[in-house]
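In: Give me coordinates for this.
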Amino acid sequence: MMINMGDVAVLGTGRMGKAMVERLAQDGHSVAVWNRTPSAAADLAERWGCRHATSPHDAVAGADVVICSFAHGAATESILLDPQFQEALTEDSIVCDMGTSGPDTAQRLAQEFAALRPSFVDGPVSGSVSSVLNRQLLVMASGDSDVVDRLRPVLESFAKMVIYVGPAGQGQKMKLAVNLVLYALNSAIAEGMALATSAGIDRDNAYEVLANSSVAAPYLINKQASFLSETSPVTMSLDLVEKDLRLILTMSDLNNLTLPVLHGVLGEVTQSVDSGFGLADMADLYPYLMGWEKPQRD
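Out: Alright, predicted model coming up:
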């Protein structure tokens, strides 16, 4: 049975979760929201006419779909494996983890939910807040293919494409492969900008050339404000980039791969985090390489 309109619970109302709530509410879904920082969820609920839940199990009570978007796999497991949370779900509920929790977390959750009536979908994403708001997000969905198909109408509130990649855990693995390319590109842009501007080329001109050269990619357009202005908000912090890179390293080791680019990018990011840039935007690798102060972003 396909889910068209219904009750949706969104757990984790950070940048991505907040945008998902906006699109779901605009599309007519009845949405309950919960966040570890209650004020963030309360403000969001008031703005979009959602129900502000006081706990995860309160949020998911009666929900057809539960969307989770947490920063770490440990946080995801602490919520989804809680007995009160599981007891609040209906036998027809679908729980979809859209964060980068890692393959091990996805597989543990899939095993746990296989013994329960509710279904689990591992559905990490590629894109940004603007991708969500413009219905351009890519979802790498894994789990039971029939359950993924039931979930599609809800995901299409903010996704341009839902690609099924196999059993639960495969979505996380594919996301890590995507992120390896993304983070390598981010480091290459930061280093290219450092090389050009340290040689006396104007910062804006250097970025314009990169964005219109043979290395041009949508990421260069999406991150332009972050690379050229220290006042644009943080969209992905370097400490979270480091977290993802360590998940990628674990995955590569398990598959007996030697990936020199991965090791170089991880070393660079770790050095920036150790130098106090952990909460800075990933584009702030550029000022870090230039020896500048950490930008004061929102």
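
In: So which bits of the helix of greatest length in the chain are buried?
Out: Identified as the longest helix of the chain according to DSSP state H is helix 170-198. Of the residues in helix 170-198, 170-176, 178-180, 182-187, 189-190, 192-194, 196-197 count as buried by neighbour count, 16 or more other C-beta atoms under 10 Å. Using the backbone N, CA and C atoms, a C-beta is placed for each residue, glycine as well.

In: cool, and stretch 96-107?
Out: Those would be 96-107, for stretch 96-107 by 16+ other C-beta under 10 Å.

In: Just the ones of the residues you listed in strands?
Out: Mapping the buried residues of stretch 96-107 onto strands (DSSP state E) picks out 96-97.

In: From the buried residues of stretch 96-107, pick the one nearest S272.
Out: T100 (19.1 Å; C-beta to C-beta).

In: Return the backbone torsion pair for the residue most central in space within the chain.
Out: For the chain, G99 is the residue whose C-alpha lies nearest the centre (C-alpha atoms, centre = their mean; 4.8 Å). For G99, the backbone dihedrals (degrees, to the nearest 10) come out as phi -90, psi 170.

In: cool, V154 as well?
Out: The phi/psi pair for V154 (degrees, to the nearest 10) is phi -80, psi -50.

In: repeat for G28
Out: phi 100, psi 10.

In: Check the gap between it and K160 for me.
Out: 19 Å (C-beta to C-beta, to the nearest Å).

In: what distance separates the helix or strand where S78 lies from the centre of its chain?
Out: In this structure, S78 is located in helix 73-80 according to DSSP states H and E. Relative to its chain's centre, helix 73-80 lies at 15 Å (C-alpha atoms, centre = their mean, to the nearest Å).

In: low-confidence ranges in this protein?
Out: Residue ranges of the chain with pLDDT under 70: 1-6.

In: domain parsing for it?
Out: 7-166, 173-290 (automatic domain parsing).

In: how far away is A177 from N256?
Out: For A177, the distance to N256 - C-beta to C-beta - is 16 Å.

In: Kindly report the same for L228.
Out: L228 is 41 Å from N256, by C-beta to C-beta.

In: Who has more neighbours out of those two?
Out: Higher neighbour count among L228 and N256: L228, with 16 against 6, using other C-beta atoms under 10 Å.

In: And the residue of the chain most remote from its centre, how far from G62?
Out: Here the chain reaches farthest from its C-alpha mean at G200, the gap being 36.1 Å by C-alpha atoms, centre = their mean. Separation of G200 from G62 (C-beta to C-beta) stands at 63 Å.

In: host element of the residue lying closest to Q136 once chain neighbours are set aside?
Out: Leaving aside its sequence neighbours, Q136 sits nearest to K160 (C-beta to C-beta, 6 or more residues apart in numbering; 4.7 Å). Counting by DSSP H and E, the element that carries K160 is strand 159-166.

In: Direction included, what does that strand pair against?
Out: Within its sheet, strand 159-166 is paired with strand 137-143 (parallel), according to DSSP bridges.
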